[in-house]
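Student: Provided below for reference: sequence and predicted model.
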Amino acid sequence: MEQWLSIVNTAIDPVWMRQYVAAYAFPGTADGTPDRSRIDQALPAMQRQMPIMDRAVAGTLHLAAAGFTLADITFVPILFYMSKWPESAELLSCHRNLMTYLEFHLKRPSVQSTMPDRLPGTVGAAARAA
């Protein structure tokens with residue numbers, strides 16, 4: 001479990017969340033539009049990493065062991081946000097195992113109770129809508 005948690009925290013989160021999602025949610029551009037440079041820089045790494053993560057959850061619906069672990073608790077919110085932004089949602093839709101994994105875990109009461117009402121960096125944009 002620690003290995004998957006480490007991979008999520010050191011390889012996935014820095015690119016998928018801190019670079020890609022942040023470029024949409026907190027762009028830092030003068031006009032507030034998404035930072036295309038940061039988005040475009042993140043996409044090649046995401047395209048390499050997503051198939052690896054897709055294989056990791058194939059058949060088990062968990063990253064490690066046979067149950068819900070801290071690795072999953074960390075990864076599920078990242079995938080949730082991947083489903084909300086255009087390029088990542090398209091990329092995610094090509095990875096059946098990740099989609100199944102996300103749909104499965106989004107039904108968990110613990111996940112449901114912690115889902116945001118809106119996306120970061122937006123005013124009134126519903127996050128819960130699929």
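Tutor: Cool, the structure landed.

Student: where exactly do the helices run in this structure?
Tutor: Assignment of helices within the chain using DSSP state H yields the ranges 2-7, 22-25, 36-57, 70-82, 86-93, 96-106, 109-112.

Student: between the ones you listed, which one is nearest to Val15?
Tutor: Closest to Val15 of the helices of the chain, according to Cβ to Cβ: helix 36-57, at 4.7 Å. Every C-beta, even on glycine, is put in place using the N, C-alpha and C of the backbone.

Student: list the contacts of that closest one.
Tutor: Residues outside helix 36-57 that contact it (Cβ atoms under 8 Å, 6 or more residues apart in numbering) are 4, 11-12, 15-16, 19-20, 22-24, 27, 63, 75, 87-88, 91-92, 94-98, 100-101.

Student: filter those to the buried ones?
Tutor: Buried members of the contacts of helix 36-57, scored by 16 or more other Cβ atoms under 10 Å, are 4, 12, 15-16, 19-20, 22-24, 27, 63, 75, 87-88, 91-92, 95, 97-98, 101.

Student: the helices of the chain: which one's closest to Leu119?
Tutor: helix 22-25 (6.6 Å).

Student: report the mean per-residue pLDDT for the closest one.
Tutor: If you average the pLDDT over helix 22-25, you get 94.
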